[in-house]
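Enquirer: my questions concern the predicted model and sequence given below.
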Amino acid sequence: MEYFTTTSKPSRRAVDCVVIGIFEKGKLGAGAADIDAASKGEIRRLIKSGDISPQLGRCIVLNGVAGVKANRVAVAGLGKSGDFDVKAFRKAVAAATHVVSQTRTKQMLNCLTLESVADGSPYYLARHTAETVGETLYRFTKMKSGRKKAASPLKKIGLAIAKRGDSGQSMKGAGHGDAIAAGVSLARDLGNLPGNVCTPSFLARTAKKLAQGNGQLTTRVLNEAEMKRLGMHSLLSVTSGTREPAKLIVMQYKGGGSKKPVVLVGKGVTFDAGGISLKPGPGMDEMKFDMCGAAGVIGTMAAISKMKLPINVNVVVPAVENLPGGLATKPGDIVKSMSGQTIEVLNTDAEGRLILCDALTYSRRFKPAAIIDVATLTGACVVALGKHRSALMSNDEDLGAELVSAGNDSTDLVWPMPMGDEYVEQLKSNFADMANIGGPTGGAITAACFLGKFTDGMAWAHLDIAGTAWKSGAKKGATGRPVALLSQLLLARSRSIP
Ligand code: BES
Ligand code: MN
Ligand code: ZN
């Protein structure tokens with residue numbers, strides 16, 4: 001998408017469509033006040049007649065409004081003016097984008113950026129606009145045959161600003177938002193692709209393609225023989241029931257000179273049938289989303305390399321399938337991890353931690369400034385937090401706080417959960433150094449504690465995105481979370497936010 005800024009009055013700009021907003025109780029937004037004056041009271045008349053609604057999430061397109069240069073005026077409901085925060089702003093922009101994209105609008109001018117929004121600088125309002133437009137226009141049609149519905153004609157988006165001096169900030173925000181939107185779209189595509197297409201090899205190819213022609217980004221892929229030599233027997237135990245070869249994908253982005261990297265580790269189980277501890281049938285298709293951690297960190301890499309952030313970031317993705325089979329790992333089997341610690345596999349469906357622990361140990365070689373793993377790790381996390389917030393566990397207070405703020409600033413929210421010795425005790429095994437499950441209670445936490453046994457001495461955080469990475473039901477599909485959260489963290493760390 002292309003972006004521009006303008007200080008001209010909404011009524012004076014000849015675009016295909018201007019987007020303005022109205023609040024409850026008859027209060028006009030800045031753009032609406034201008035359009036209302038230019039049209040001799042048309043907006044107020046329509047409010048009175050009840051034909052346009054101030055309700056947040058509603059939007060109606062008017063055509064040929066007298067006195068206005070634009071062909072169309074989209075009037076978005078903004079809700080209560082006192083409640084108009086970034087979340088409401090995004091909801092209004094989404095509603096406007098949705099209806100405008102169903103018209104022939106190629107150029108849309110967003111005047112909602114003129115409103116005063118809590119925590120909304122010109123930079124953030126432009127960025128949230130670009131992210132929301134990308135999210136709203138996203139379609140997944142790759143697997144549909146026949147004639148595909150034409151994509152939206154929207155090509156260019158204007159951002160109204162109050163003064164010329166805001167243009168730099170605003171354009172920066174639009175650029176960042178557009179890059180994040182591209183990362184989110186990539187993550188959603190990878191998540192939505194079925195397990196027979198998006199295999200470990202497919203993820204590896206995708207990561208390699210991203211690095212092609214990008215001087216700052218390299219991708220290396222380790223095969224099973226190489227992983228075996230490294231002693232990654234925990235990871236390899238997960239893949240023994242399948243014919244699809246496992247891959248360890250290692251991406252390195254160098255934008256920060258000799259600084260220590262942030263390492264992002266993403267769970268890449270391209271299909272999780274549970275292994276010998278087979279999952280029940282209903283809803284099992286959704287376990288194609290069990291690589292959304294991998295998609296999230298690869299999508300983040302795409303975003304930050306597009307933004308050319310001055311920071312070093314490595315991505316490590318253990319990619320496997322978890323299927324039953326004659327050679328599959330059995331409950332009770334004991335495996336040795338790369339760290340040397342032994343693990344009793346009491347449940348082969350707790351496979352995420354078995355691949356992540358070796359990826360975390362592997363990542364030590366990078367001497368990370370911080371290491372964050374991202375995984376659709378536990379059903380227990382969905383029970384605890386629902387679909388709205390990702391769970392956050394960390395052994396480092398500062399890193400935890402950093403992620404909480406990044407969540408708030410990006411609207412890609414997390415919630416901190418505890419760890420501790422009491423929970424670690426639940427992982428005791430009679431036969432090995434630890435078991436891979438911690439019993440029926442506190443499942444999201446004991447999973448994090450398992451990973452904590454492999455992150456000693458590193459500033460580490462774990463994000464359980466089991467609830468947030470995809471939606472079920474009629475809107476079934478990947479969300480692209482937590483690309484926005486991780487991008488925000490890296491933007492803030494690299495001091496790239498004006
Ligand atoms: N990928 C699942 C976690 C999951 C389940 C995410 C449902 C989203 C929805 C993971 O590999 C798994 O199967 N976890 C088990 C762990 C248990 C055996 C300790 C779970 O949560 O049931
Ligand atoms: Mn599982
Ligand atoms: Zn899984």
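Expert: Perfect, I can see it now. Residues are numbered from 1 along each chain as shown. Ligands and ions are numbered 1, 2, ... in the order given.
Enquirer: contacting residues around the residue nearest to residue 348 when sequence neighbours are not counted?
Expert: Distance criterion Cβ to Cβ, 6 or more residues apart in numbering; nearest residue to residue 348, sequence neighbours excluded, is residue 275 at 3.2 Å. No exception for glycine: its C-beta is placed from N, CA and C like everyone else's. With contact set as Cβ atoms under 8 Å, 6 or more residues apart in numbering, residue 275 has these partners: 238, 241, 322-324, 328-329, 348-349, 351.
Enquirer: and with 10 Å instead?
Expert: Counting by Cβ atoms under 10 Å, 6 or more residues apart in numbering, residue 275 makes contact with 237-242, 321-325, 328-331, 345, 347-351, 354.
Enquirer: out of the residues you listed, which are close to ligand 2?
Expert: When contact is defined as Cβ under 5 Å from the ion, the contacts of residue 275 meet ligand 2 at 349, 351.
Enquirer: quick check on the contacts of residue 275: which are buried?
Expert: Buried members of the contacts of residue 275, counted by 16 or more other Cβ atoms under 10 Å: 237-242, 321-324, 328-329, 345, 348-351, 354.
Enquirer: just the ones of the residues you listed in strands?
Expert: 321-322, 345 (DSSP state E).
Enquirer: so which helix or strand takes in residue 437?
Expert: Following DSSP states H and E, one finds residue 437 outside all helices and strands.
Enquirer: ok, the residue of the stretch 351-498 of the chain found nearest ligand 2 - contacts?
Expert: At 4.9 Å from ligand 2, residue 351 is the closest residue in the stretch 351-498 of the chain, using Cβ to the ion. Residue 351 sits next to 234-235, 237-239, 267, 269, 272-275, 277, 290, 320-322, 329, 345, 377, 436 when contact means Cβ under 10 Å, 6+ apart.
Enquirer: so which of those are also by ligand 1?
Expert: Among the contacts of residue 351, proximity to ligand 1 is found for 272, 290, 377 (Cβ under 6 Å from any ligand atom).
Enquirer: among these, name the ones in helices.
Expert: Counting by DSSP state H, no part of these is found in helices.
Enquirer: pLDDT score assigned to the residue of the stretch 101-250 of the chain found nearest ligand 3?
Expert: Nearest residue of the stretch 101-250 of the chain to ligand 3: residue 238, at 9.3 Å (Cβ to the ion). The model reports residue 238 with a pLDDT of 99.
Enquirer: do residue 234 as well
Expert: According to the model, residue 234 scores 99 on pLDDT.
Enquirer: residue contacts, the residue nearest to it when sequence neighbours are not counted?
Expert: Distance criterion Cβ to Cβ, 6+ apart; nearest residue to residue 234, sequence neighbours excluded, is residue 337 at 4.0 Å. Contact partners of residue 337, counting by Cβ under 10 Å, 6+ apart, are 231-235, 237, 343, 354, 357-358, 360-361, 433-434, 453-454.
Enquirer: ok, now residue 125?
Expert: If you count contacts by Cβ under 10 Å, 6+ apart, residue 125 has them with 86, 89-90, 93, 110, 112-115, 117, 119, 159-161, 166, 169-170, 173-174, 177.
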